[in-house]
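> I'll drop the sequence and a predicted model, then ask my questions.
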Amino acid sequence: MWKEFKNFILTGNVIDFAVAVILAGAVGLVVNGFVNDIVMPVVGHFAGGMDFADLKVVLSEAVVAADGTVTKPENAIRYGAWINSIINLLTVGFVLFLMVKAYNKTKKPKEEAAPAGPSDNDLLTEIRDLLKK
């Protein structure tokens, strides 16, 4: 069982998958930074100077004690953060699309297989028929 597991882990597909997961995490961080630090400020500027991350519907206000400590935090639906997540998803999807498109351009086109000739049985049948004549 250990040998089978070792063979499974050391196959190219598992290692390729592990590299892809690690690379996807790194690309995700870069894209998140791009969306949050570059795209969203531009979108917010054209949307009247608002920051989508601050958009929310407060269900219950925070309760603050006399000494200034929060005894009960605010309960709110943060739909602005959800809008940011959707823009992030669209940006990640577009970046991955461009990466796959560039990768597909580097691949060699598949060569067409040569047309198959007659099978051995067909040739033997033809020879038999010619010998009968």
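Good, I have the coordinates. Note that the structure is a prediction, hence the values are computed from the model and not measured.
> could you use CA atoms for every contact and neighbour count after this?
Noted.
> low-scoring pLDDT stretches of the protein, where are they?
Low-confidence regions of the chain, defined by pLDDT under 70, span residues 12, 111-115.
> ok, which stretches of it are helices?
Secondary structure of the chain (DSSP state H): helices at 2-9, 12-34, 40-46, 79-106, 120-132.
> can you put those in TSV and add mean neighbour count and distance to Val57?
Rendered in TSV, the data for the helices of the chain read as follows (neighbours: other C-alpha atoms under 10 Å; distance: least, C-alpha to C-alpha, whole Å):
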stretch	mean neighbour count	distance to Val57
helix 2-9	10	48
helix 12-34	13	24
helix 40-46	14	18
helix 79-106	14	8
helix 120-132	10	77
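> quick one: closest of those to Leu55.
Taking C-alpha to C-alpha as the measure, the helices of the chain were each checked against Leu55, and helix 79-106 came out nearest at 4.5 Å.
> which helices and strands sit right next to the closest one?
Other elements packing on helix 79-106 under the criterion 3 or more C-alpha pairs under 8 Å, 6 or more residues apart in numbering; DSSP states H and E are helix 12-34.
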